[in-house]
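Asker: Sequence first, then the predicted structure:
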Amino acid sequence: MTNSDNKSDGGSLAEYQPFLDHLLLVERLSERTIDSYGRDLKALAQWAGNNGRSFKQLSSDDLRDFLDWRQQADYKASSTARLLSAAKRYYGYLLSEKARSDDPTAPLLRPRLTRPLPKTLSEADVDALLDAPNLEEPIGLRDKAMLELLYAAGLRISELVGLTRDCVNLRQGLVRVIGKGDKERIVPMGEEALHWLDQYLKYARPALISDGDVLFPSQRGQQMTRQTFWHRIKRYALEAGLKSDLSPHTVRHAFATHLVNHGADLRVVQMLLGHADLSTTQIYTHVARERLKSFHGQHHPRG
């Protein structure tokens, strides 16, 4: 952070500190609630300072720019809605104190809290993608094992490339994954992924790496980056003729969607994905519902 950032943030803190004091002394809000308001206003103040704008005098257009920036930066709609609530209360306070003659948040609408359905693949699409690598080459056999494990265990690409040899137990058919926040989870890999992982370890990995514990090394025998494997997935998707616009999470979304389509309990899917909150996993019930509606519309005589 630059010195100008520090200056703008510090000055803004001085501007909204009387508001926080008001919440504590007059409105008797809890310290936890006040801390939440403080964090949200600090985020807004930092954005204003970094963009050369006066935090106290932000206009409605400025705030729209801020909300657009948060949307482009993939902030959760729920956190943005909470931040907007803090801003509304702050500028309402300035209006009541005659420190402003208007409330710039008045015309602003809360962000929609419904999440867009994730892009996914049909089971036939997944089969085509997984069959794309050339199994005659060590790199192709490596990629085949990676794709099978990615789909079978619902891993994030970063989790997949970060696996070490001791993370997989072939005898038990399990993979130990270190997810977000260094949280560990144990996920079954299934017979198909187990088979191809065994083939890879026997016939391809020794040609790629002679020493080291990286499970899926690059051609240089080092840990692969998530970007490298993501580009390989896109290449295989092109070779398989997939028209879907893939994202790095598409195969993971397919894993979860197909489990739900086949009747898996949502809490089991939550555990397999490593989601901290069940509400994050519930999106897949909507995906399954939309696919059922689409299927009905295509095949029912009165659809």
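Answerer: Received, thanks.
Asker: give me the element residue 126 is part of.
Answerer: helix 123-130 (DSSP states H and E).
Asker: List the contacts of residue 240.
Answerer: Residues near residue 240 by CB atoms under 8 Å, 6 or more residues apart in numbering: 125, 128-129, 131-132. Quick note: C-beta positions are derived from backbone N, CA and C, even for glycine.
Asker: quick one on the thing from earlier: and the helix holding residue 126, what does it pack onto?
Answerer: With contacts defined as 3 or more CB pairs under 8 Å, 6 or more residues apart in numbering; DSSP states H and E, helix 123-130 has these neighbours: helix 138-153, helix 226-239, helix 250-261.
Asker: would CSV of these with mean pLDDT be doable?
Answerer: Compiled in CSV, those are given as follows (pLDDT from 0 to 100):
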stretch, mean pLDDT
helix 138-153, 97
helix 226-239, 94
helix 250-261, 89
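Asker: so can I have TSV of the ones you listed showing mean neighbour count and distance to residue 159?
Answerer: TSV is the format used below for these (neighbours: other CB atoms under 10 Å; distance: least, CB to CB, whole Å):
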stretch	mean neighbour count	distance to residue 159
helix 138-153	22	9
helix 226-239	16	9
helix 250-261	22	9
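Asker: Of all these, which one is nearest residue 28?
Answerer: Taking CB to CB, helix 250-261 is the member of the helices and strands packed on helix 123-130 nearest to residue 28, at 44.4 Å.
Asker: top of the contacts of residue 240 by neighbour count?
Answerer: residue 129 (25 neighbours; other CB atoms under 10 Å).
Asker: re earlier: quick one: which of the helices and strands packed on helix 123-130 is nearest residue 193?
Answerer: helix 138-153 (3.7 Å).
Asker: ok, then the element right after that closest one?
Answerer: Where DSSP H and E defines the elements, the next helix or strand beyond helix 138-153 is helix 157-161.
Asker: For the helix holding residue 126, which outside residues touch it?
Answerer: The contact list for helix 123-130 (CB under 8 Å, 6+ apart) reads 121, 144, 147-148, 151, 233, 236-237, 240-242, 244, 251, 254, 258.
Asker: go with 7 Å
Answerer: 147-148, 151, 236-237, 240-242, 244, 254, 258 (CB atoms under 7 Å, 6 or more residues apart in numbering).
Asker: just to revisit the earlier point, with distance to residue 219 and pLDDT as added columns, please give the contacts of residue 240 in TSV.
Answerer: Listed next are the contacts of residue 240 as TSV, based on distance: CB to CB, whole Å; pLDDT from 0 to 100:
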residue	distance to residue 219	pLDDT
125	27	94
128	25	96
129	21	96
131	22	97
132	18	97
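Asker: Redo these as TSV? Include distance to residue 109.
Answerer: Output for the contacts of residue 240, formatted as TSV (distance: CB to CB, whole Å):
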residue	distance to residue 109
125	37
128	42
129	40
131	47
132	45
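Asker: in the chain, which spans are strands?
Answerer: Assigned by DSSP state E, the chain shows strands spanning 168-169, 174-178, 184-188.
Asker: want to throw these into TSV with mean neighbour count and distance to residue 136?
Answerer: Below are these laid out as TSV (neighbours: other CB under 10 Å; distance: least, CB to CB, whole Å):
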stretch	mean neighbour count	distance to residue 136
strand 168-169	17	24
strand 174-178	18	26
strand 184-188	15	29
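Asker: Turn those strands into TSV, columns for mean pLDDT.
Answerer: Below are the strands of the chain laid out as TSV (pLDDT from 0 to 100):
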stretch	mean pLDDT
strand 168-169	96
strand 174-178	94
strand 184-188	93
